[in-house]
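Student: Sequence first, predicted coordinates after that:
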Amino acid sequence: MNNFEITTPTTIVFGKDQINRVSDLISNHYSGKSVLVLYGGGSIERSGFLAQLKGELSAFDLHLFKGIEANPEFDTLMKAVEYIREHNIGFLLAVGGGSVIDGVKFISGAVNYAGDPWEVLLREPGKVFTNALPFGCILTLPATGSESNSGAVISRSSLKEKRTMGGPLFFPKFAIMDPTFVATLPKRQLANGVIDAFTHTMEQYLTFPSDNLLQERYAEGILSTLLEIGQGVVENPTDYKLASNLMWCANQALNGLLRCGVATDWATHMIGHELTALHGIDHAQTLAIIAPRLYEQQFEQKKAKLAQYGRRVWHKTGTDEEVAQEAIVETEQFFRSLGVATHISDYTSEYSETAAIIRQRFEERNWTGLGERQLLTPADAEQIVLNAY
Ligand code: NZQ
Ligand code: ZN
């Protein structure tokens with residue numbers, strides 16, 4: 001087992017009717033009065049939740065920032081930064097899915113940053129956020145795990161860029177996770193949630209067999225649970241048993257636990273982020289496009305683990321070769337059974353240069369060795385994308 005270190009400081013309050021905890025949870029971390037609630041395009045207005053939340057937060061001097069879009073935009077987030085500076089806000093409350101929560105992580109660091117925060121996202125040497133405003137979140141879409149991890153992904157569509165950031169400053173102080181929010185999600189977002197959680201697990205599992213036996217079983221438990229509930233929750237999001245299991249799976253898939261003591265991959269995500277940046281394809285859709293082709297292209301390196309996955313998760317029998325191949329087919333079929341297409345041409349007709357652009361970008365960033373063995377080259381990424389056309 002590899003050495004590891006883990007800190008997961010976010011307080012999780014999980015279940016129905018927990019919203020009345022929000023005021024106390026904020027007060028545990030903030031003694032002032034100025035709270036900014038940040039949210040997306042308006043689903044929480046339409047559901048009536050925002051009105052309820054205002055009631056719960058009546059003791060605070062409450063401010064609202066609406067309009068953090070899916071794949072949160074740098075320019076929008078900088079408007080929130082200006083607002084916070086002008087109004088001397090002391091605590092941020094993100095209400096939404098991964099995009100709102102990620103956006104708030106970025107904002108919390110950018111508020112007190114002296115330079116242009118874009119340079120932090122570009123990872124320019126020495127350019128880092130050194131402090132962050134405290135923030136908590138109310139999760140409305142189970143998918144990313146952002147509610148209790150310290151990562152964020154920020155887009156800048158004018159540059160066709162999507163960049164990652166994170167670090168110990170960016171754990172939410174608390175996450176309220178109420179599965180009844182799942183009931184109002186459209187099918188597309190439900191399927192996205194299942195696939196994102198599934199792929200987060202695969203990124204930390206589908207590498208090579210490890211001697212961290214418990215971690216292997218944790219990952220297989222999450223994958224098996226998502227297979228068990230996936231189609232059901234997309235069809236019946238009001239079913240609390242299904243909704244609560246999706247919410248907990250998505251959280252556990254990326255709260256930091258699965259990576260402990262094992263190698264991780266993440267190449268599917270790195271390539272997928274480029275498809276969102278270039279074509280605006282939903283995050284989870286990009287994973288459904290890339291993952292099966294990456295497993296095929298990296299077949300020899302991943303064969304032993306694919307075979308383990310095929311036997312333990314899909315209950316296949318046969319040689320390693322047979323089981324591994326069948327496991328890839330089943331995985332893609334699972335994504336498609338949720339209504340998610342798995343080729344780039346299903347989403348855009350302007351893809352002829354995509355593979356070459358991604359190769360060039362990876363070369364420029366010196367990403368010469370991605371994957372669990374740092375062997376996946378920009379040329380491999382190009383081939384994977386070509387195979388996904
Ligand atoms: O904006 P509103 O009107 O609220 O609508 C949202 C949005 O349009 C809607 N929605 C959310 N909750 C709802 C709801 N509609 C009805 N009922 C509800 N209860 O769903 C739409 C999509 O929301 P979004 O937050 O974009 O989805 P998701 O949670 O999938 O987040 C995707 C973003 O997270 C990043 C992705 O790259 C992408 O930018 N990721 C963040 C990660 C992390 N921080 O750890 C890891 C992931 O791999 C991922 O990269
Ligand atoms: Zn993801």
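Tutor: Structure received. Numbering: from 1, shown residues only. Ligands and ions are numbered 1, 2, ... in the order given.
Student: Quick check, the residue in the stretch 251-389 of the chain closest to ligand 1?
Tutor: Nearest residue of the stretch 251-389 of the chain to ligand 1, counting by CB to the nearest ligand atom: His283, 3.8 Å away. Using the backbone N, CA and C atoms, a C-beta is placed for each residue, glycine as well.
Student: Find the residue closest to that residue in space, skipping its chain neighbours.
Tutor: Thr276 (5.8 Å; CB to CB, 6 or more residues apart in numbering).
Student: Count the residues that sit near that neighbour.
Tutor: Residues near Thr276, counting by other CB atoms under 10 Å, number 21.
Student: That one touches Ile289, doesn't it?
Tutor: No: with contact defined as CB atoms under 8 Å, Thr276 does not count as touching Ile289 (10.6 Å).
Student: Show me what counts as buried in the host helix or strand of Arg217.
Tutor: Element membership for Arg217 (DSSP states H and E) is helix 213-235. For helix 213-235, burial by neighbour count (16 or more other CB atoms under 10 Å) applies to 215-216, 218-220, 222-227, 229-231, 233-234.
Student: hang on, the earlier thing: what's the pLDDT at the residue nearest to His283?
Tutor: pLDDT recorded at Thr276 is 96.
Student: quick one: what helix or strand has it in it?
Tutor: Going by DSSP H and E, Thr276 is in helix 267-279.
Student: just to revisit the earlier point, what distance do you get for the residue nearest to His283 to Tyr347?
Tutor: Thr276 sits 10 Å away from Tyr347 when distances are taken as CB to CB, to the nearest Å.
Student: mind checking how far Lys241 is from ligand 1?
Tutor: The gap separating Lys241 from ligand 1 is 18 Å, by CB to the nearest ligand atom, to the nearest Å.
Student: can you list contacts of whichever strand or helix holds that residue?
Tutor: Counting by DSSP H and E, the element that carries Lys241 is helix 240-253. Here helix 240-253 makes contact (CB atoms under 8 Å, 6 or more residues apart in numbering) with 12, 14-16, 139, 142-145, 147-148, 175, 177, 179-180, 182-183, 190, 193-194, 196-198, 200-201, 218, 222, 225-226, 229, 232-233, 236-237, 258.
Student: Give me the buried positions along that helix.
Tutor: For helix 240-253, using 16+ other CB under 10 Å, the buried residues are 242-253.
Student: spatially speaking, which residue is in the middle of this structure?
Tutor: Thr144 (2.9 Å; CA atoms, centre = their mean).
Student: show me the residues around the nearest residue to that one once chain neighbours are set aside that make contact.
Tutor: The shortest distance from Thr144 to any non-neighbouring residue, by CB to CB, 6+ apart, is to Gly98 (3.2 Å). Counting by CB under 8 Å, 6+ apart, Gly98 makes contact with 141, 143-146, 153, 196, 283.
Student: quick revisit: now do the same for the helix holding Lys241: mean pLDDT, whole number.
Tutor: Averaged over helix 240-253, pLDDT sits at 98.
Student: Report the angle between it and helix 213-235.
Tutor: 140 degrees (axes from the mean of the first three to the mean of the last three CA atoms, to 10 degrees).
Student: Which helix or which strand is home to Gly109?
Tutor: Element membership for Gly109, per DSSP H and E: helix 98-110.
Student: Contacts (any at all) between ligand 1 and that helix?
Tutor: Yes: Helix 98-110 reaches ligand 1 (CB under 6 Å from any ligand atom) through 98-100, 102.
Student: Next one: Ala191 from ligand 1, what distance?
Tutor: Taking CB to the nearest ligand atom as the measure, Ala191 and ligand 1 are separated by 10 Å.
Student: Arg156 now?
Tutor: 12 Å.
Student: Spell out which residues sit in contact with that residue, please.
Tutor: With CB under 8 Å, 6+ apart, Arg156 has these contacts: 73-75, 118, 121, 162-163.
Student: Just give me the neighbour total for Asn236.
Tutor: By the measure other CB under 10 Å, the count of residues near Asn236 is 15.
Student: brain fart, Ser31
Tutor: 9.
Student: and Asn131, how many neighbours?
Tutor: If we define neighbours as other CB under 10 Å, then Asn131 has 10 of them.
Student: Ignore what I typed, I meant Pro134.
Tutor: As a burial measure, Pro134 scores 16 neighbours (other CB under 10 Å).
Student: next one: Glu363
Tutor: So Glu363, with other CB under 10 Å, has 15 neighbours.
Student: what sits against it?
Tutor: The contact partners of Glu363, by CB under 8 Å, 6+ apart, come to Pro378.
Student: helices or strands next to the helix holding Thr276 in the packing?
Tutor: strand 151-156, strand 161-166, helix 187-203, helix 283-297, helix 354-364, helix 378-387 (3 or more CB pairs under 8 Å, 6 or more residues apart in numbering; DSSP states H and E).
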